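Student: Fold the following.
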Amino acid sequence: MKIYEIQERDPQILAELLKVWEASVRETHLFLSEEEVNKIKTYVPQALSGVEHLIVAREESGETAGFMGVEKKRLEMLFLSPEVRGKGLGRQLLQYGTANYDVQELTVNEQNPGAVGFYRHLGFETYKRTDHDEEGNPYPLLYMKRHGN
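Tutor: You can find the predicted model right below:
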């Protein structure tokens with residue numbers, strides 16, 4: 001697996017990452033309706049283009065297996081292809097983010113228990129909870145910081 005920061009955010013890489021995002025969300029965000037997934041999907045390319053650091057994980061075959069976005073010591077996004085979930089790639093990406101960008105904080109959907117448990121296992125603790133997401137939808141968010149920070 002090769003993990004590196006994307007410098008050129010051309011339409012081809014954005015399309016690849018959007019596919020990974022959609023497959024990941026359909027696997028892990030079971031609380032979202034089809035309509036909501038499709039609505040959010042329209043905003044993802046903008047988020048991918050705008051995040052300060054966009055890091056991609058590629059398999060030896062060249063297939064994109066996952067990605068994360070980091071901004072100001074904050075993990076803004078981390079998505080994995082369903083085929084690679086549970087195989088250590090999320091940990092590798094987060095460790096890369098911590099080592100290279102000093103990731104200290106993140107926000108996660110409370111209704112995504114796999115992600116919540118993953119971040120807790122890697123040393124993040126909840127310091128704040130909201131009943132709604134940033135768009136005002138009824139999806140509770142957990143704000144987490146690395147333990148000891």
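
Student: which residues of the chain fall in helices?
Tutor: Using DSSP state H, the helices of the chain run over residues 11-28, 34-41, 44-50, 89-101, 113-121.

Student: Please report phi then psi for Leu32.
Tutor: Leu32 adopts backbone torsions of phi -90, psi 140, taken as degrees, to the nearest 10.

Student: my guess is it contacts Lys41, does it?
Tutor: No - between Leu32 and Lys41 there is no contact under CB atoms under 8 Å: 10.4 Å. Where you see a C-beta, it was placed from the backbone N, CA and C, and this is true even at glycine.

Student: Mind checking which of the two has more residues around it?
Tutor: Leu32 (19 against 13; other CB atoms under 10 Å).

Student: ok, now how distant is the nearest residue to that one once chain neighbours are set aside from Ala115?
Tutor: Counting by CB to CB, 6 or more residues apart in numbering, Leu32 lies nearest to Val25, which is 6.9 Å off, once chain neighbours are set aside. From Val25 over to Ala115 the distance is 11 Å, taken as CB to CB, to the nearest Å.

Student: Repeat that for Tyr4.
Tutor: Taking CB to CB, one finds Tyr4 at 23 Å from Ala115.

Student: ok, the two, which is more surrounded?
Tutor: Higher neighbour count among Tyr4 and Ala115: Ala115, with 20 against 10, using other CB under 10 Å.
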